[in-house]
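> Turn this into a model:
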Amino acid sequence: MTYHLCLAPRLGIVGLASLLAVSSAWAGPITVTFQNVNPGYSPAGQYNWTSSSTIPGLVYTSGNNFATFCIEQNQYISPNTTYSNYMLTDLSNAPNPGSTLSATQINNLKAMWAQYRSSVDTNDEAAAFQHAVWHIVNPSYNPSLSGSVLSYYNQYLNSTTWMSGYANLVAMVHLNHQDHVVEIQRGWRVNQQGDLEPVPAPATLGVAFALGVALLVRQRLVRPAA
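A predicted model of the protein is given here:
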């Protein structure tokens, strides 16, 4: 009695991998136009950008416009200028070049952002928030501030007030231009290729695993029909 390998399901392991991976929504690099710093007091403030096309998963302020804060003070960008070859990456890979952020620095950025970012809408608040970001990224950075900017700065850096969890942040980096931190939507992530993609839900992973087991069983030796 002979048995033959059943080749019927062509899906196989390659197909299973495609099912396990939720399709990537965007592949880097990206082309973006830096518009201006507003609100704030340039260079300390909210950096406003426009992407050349919509990047699913990115948090936009309106249309294709999105906002960032700078995490690299020794490189520069110019208003109303388009830059290609920016990449989205995990904050642990930023800034680039330079000393990358530690897990503590990343968590501090995410916690401060989650607590205060949504309320930052005046010049003083935006400037203070940017200075606070720079201090977290570089603890030796201690700006000379006064008035409301100083008050907001101290408030933002008071970790005892960080009670809103962690924002979903990634870095937007360029080897020759200034790096920034930007928010992406909940349930999204950036992979090693610089792609923004949805995080597979546990239920989806379970279904995919069950399907994979079924496919492997189908591919075992089967008895031919008489």
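> tell me, what residue is most central in this structure?
For the chain, residue 170 is the residue whose C-alpha lies nearest the centre (CA atoms, centre = their mean; 2.6 Å).
> where along this structure do the helices fall?
All helices of the chain, identified by DSSP state H, fall at 12-20, 103-116, 123-137, 147-156, 202-218.
> buried residues in the second one?
Buried residues in helix 103-116, defined by neighbour count with 16 or more other CB atoms under 10 Å: 105, 106, 107, 108, 109, 110, 111, 112, 113, 114, 115, 116. Every C-beta, even on glycine, is put in place using the N, C-alpha and C of the backbone.
> who touches the residue nearest to residue 121 when sequence neighbours are not counted in this structure?
Once flanking residues are discounted, residue 121 sits nearest to residue 39: 6.5 Å by CB to CB, 6 or more residues apart in numbering. Contact analysis of residue 39 by CB atoms under 8 Å, 6 or more residues apart in numbering lists 45, 46, 120, 121, 122, 123, 125, 126, 127.
> same thing with residue 189?
Contacts of residue 189 by CB under 8 Å, 6+ apart are 196, 197, 198, 199.
> who's it bridged to?
residue 197 (DSSP bridges).
> which pair in the contacts of residue 39 spans the largest distance?
Within the contacts of residue 39, two members stand farthest from each other by CB to CB: 121 and 127, at 12.1 Å.
> Please identify which of those two sits among more neighbours.
Counted by other CB atoms under 10 Å, residue 121 and residue 127 do not tie: residue 127 has more neighbours, with 26 against 9.
> confidence score at the more buried one?
Predicted confidence (pLDDT) for residue 127: 99.
> Just give the number of residues close to the nearest residue to it once chain neighbours are set aside.
Excluding the flanking residues, the one nearest residue 127 by CB to CB, 6+ apart is residue 44, at 4.3 Å. Residue neighbour count, defined by other CB under 10 Å, stands at 23 for residue 44.
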